[in-house]
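> Attaching a predicted model along with its sequence, questions to come.
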There are 2 protein chains.
Amino acid sequence: MQALRDRIQQDGQNLGGGILKVDGFINHQVDAVLMDQAGAEFARRFADAGATRILTAEISGIAPALMAAKHMRLPVVFARKTKPITMPDQVFLTLAPSHTKGRNVELIVSPEYLASGERVLIIDDFLASGATILGLVRLAEIAGAKVVGVGALIEKSFEGGRAALESLGIQTISLVAIASMDDGQIIFAD
Amino acid sequence: MQALRDRIQQDGQNLGGGILKVDGFINHQVDAVLMDQAGAEFARRFADAGATRILTAEISGIAPALMAAKHMRLPVVFARKTKPITMPDQVFLTLAPSHTKGRNVELIVSPEYLASGERVLIIDDFLASGATILGLVRLAEIAGAKVVGVGALIEKSFEGGRAALESLGIQTISLVAIASMDDGQIIFAD
């Protein structure tokens, strides 16, 4: 997606250690129009997936997943990292290691909103090692749902997440792929 | 806003203690089309506010704020509750008591995305006591920005937040107002 690639080139910052700062348009300040365009692109790319529901993880997955949900006219569920008091006692929960937090985080979904037989499209901001997204895949499986696709705004293709997902037979699409962040650079894959 | 009111009537649950569960369409599963309609309504109601930026708090404020930002073609910043590693050391930070968490939470914004002279529109899911929104107002003031309006999807008008905001001279608009949640009921204000 050219507009997203251009924006990364213009405003993305390589902080070293594989960390790409996109706080100016995705992770802290959000460019809602750009996210809307990304949502339309996900809708187009996953038009034939037969998804019945979109699943993401709070916090930074919400913007692209919400926009994809709007274009696909599907409900979107964001997995919580802490259990709110409004959630029932019995939940679907898995642990996922967080690269940026240096510890495991919980991913929690209420059984009210993820049911057996659903066809789940997972949308997130980043596909890196795949740790968070694989956590979402496990949540869907616990619920008896089928994951019909994974979409990410930005793939760091040097971190191996795609191979893990494709080995599970999951169609995986990123809107922009970054091949290398060595030496302070941001080298796109295509 | 009739569609939101209807949805609360249909799917909202009064859990007691003033807690309105709207996890099926706002706080866990999100109805993106409804949020898009709410965003359009905020854009219409605040068309003359001269806002240059939208501010909200993670997590549940993101959906309505993002949709308002899309319709108003403004950047939206969501205050973080924990400081990510991508954020500079010097930040704007305030504490706000959280009703549902029973403790203070931090609200943190990077000075990169909230500058002196900005005209800030605050959008959130709930206006109850106003504690979170008043925290966002303080963040804007610390930054030297002016708050030109506050919009909430749902106002619990029996909790006093509106009076606190209006005493500061801030235009406050809610799309649906609830007058009472006594005896397990949900009584709308209008």
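Yep, it's here.
> Could you use CA atoms for every contact and neighbour count after this?
Fine.
> List the contacts of the closest residue to A:T172 other than its chain neighbours.
Spatial nearest neighbour of A:T172, chain neighbours left out: A:V150 (4.8 Å); criterion: CA to CA, 6 or more residues apart in numbering or on different chains. Residues in contact with A:V150 (CA atoms under 8 Å, 6 or more residues apart in numbering or on different chains) are A:L121, A:I122, A:I123, A:I170, A:Q171, A:T172, A:I173.
> wait, doesn't the first one sit right on A:A145?
In this case it means A:L121. No. With contact defined as CA atoms under 8 Å, A:L121 does not reach A:A145; the gap is 10.4 Å.
> And the two? Which one has more around it.
Set side by side, A:L121 and A:A145 show more neighbours around A:L121, with 29 against 19, by other CA atoms under 10 Å in any protein chain shown.
> thinking again about what came up before, so which of the contacts of A:V150 would you say is closest to B:S157?
A:I123 (35.9 Å; CA to CA).
> To what extent is that closest one buried, counted in neighbours?
Neighbours around A:I123, by other CA under 10 Å: 32.
> Strands - which of the contacts of A:V150 land there?
Under the assignment DSSP state E, the contacts of A:V150 contribute A:L121, A:I122, A:I123, A:T172, A:I173 to strands.
> for those residues, which one is nearest B:A51?
The closest of these to B:A51 turns out to be A:I123 (CA to CA; 30.4 Å).
> buried set for stretch A:67-83?
A:67-81, A:83 (16 or more other CA atoms under 10 Å in any protein chain shown).
> correction: stretch A:95-102
Applying 16+ other CA under 10 Å to stretch A:95-102 flags A:L95, A:A96, A:P97 as buried.
> Tell me who's in contact with the residue nearest the centre of chain A.
Closest to where the C-alpha atoms of chain A average out (CA atoms, centre = their mean) is A:D124, at 1.3 Å. By CA under 8 Å, 6+ apart, the contact list for A:D124 reads A:T56, A:A57, A:S60, A:G61, A:I62, A:P64, A:A65, A:I133, A:G151, A:A152, A:L153.
> And for A:A128?
Contacts of A:A128 were listed using CA under 8 Å, 6+ apart, and they are A:E155, A:K156, A:S157, A:F158, A:E159, A:G160, A:G161.
> what's the farthest-apart pair in the residues you listed?
A:E155 and A:G160 (9.5 Å).
> Would you state the strands of chain A in chain order?
A:13-14, A:20-21, A:29-30, A:53-57, A:76-79, A:92-98, A:103-109, A:119-127, A:146-156, A:172-180, A:187-188.
> For B:M35, which of those is the nearest?
Ranking those by proximity to B:M35 (CA to CA) places strand A:76-79 first, at 11.5 Å.
> Mind checking the pLDDT average for stretch A:47-67?
Stretch A:47-67 shows a mean pLDDT of 97.
> tell me what the helix with the most length in chain A is packed against?
Of all the elements of type helix in chain A, the one with the most residues (DSSP state H) is helix A:32-45. In terms of contacts (3 or more CA pairs under 8 Å, 6 or more residues apart in numbering or on different chains; DSSP states H and E), helix A:32-45 is packed against helix A:2-11, helix A:62-72, helix B:62-72.
> how about these, which one is nearest A:A177?
Of all the helices and strands packed on helix A:32-45, the one in closest proximity to A:A177, counting by CA to CA, is helix A:2-11 (8.6 Å).
> from the chain's centre, how far out does stretch A:80-97 sit?
Here stretch A:80-97 is found 18 Å from its chain centre; the criterion is CA atoms, centre = their mean, to the nearest Å.
> end to end, how far does it reach?
Distance across stretch A:80-97, first residue to last, is 15 Å (CA to CA, to the nearest Å).
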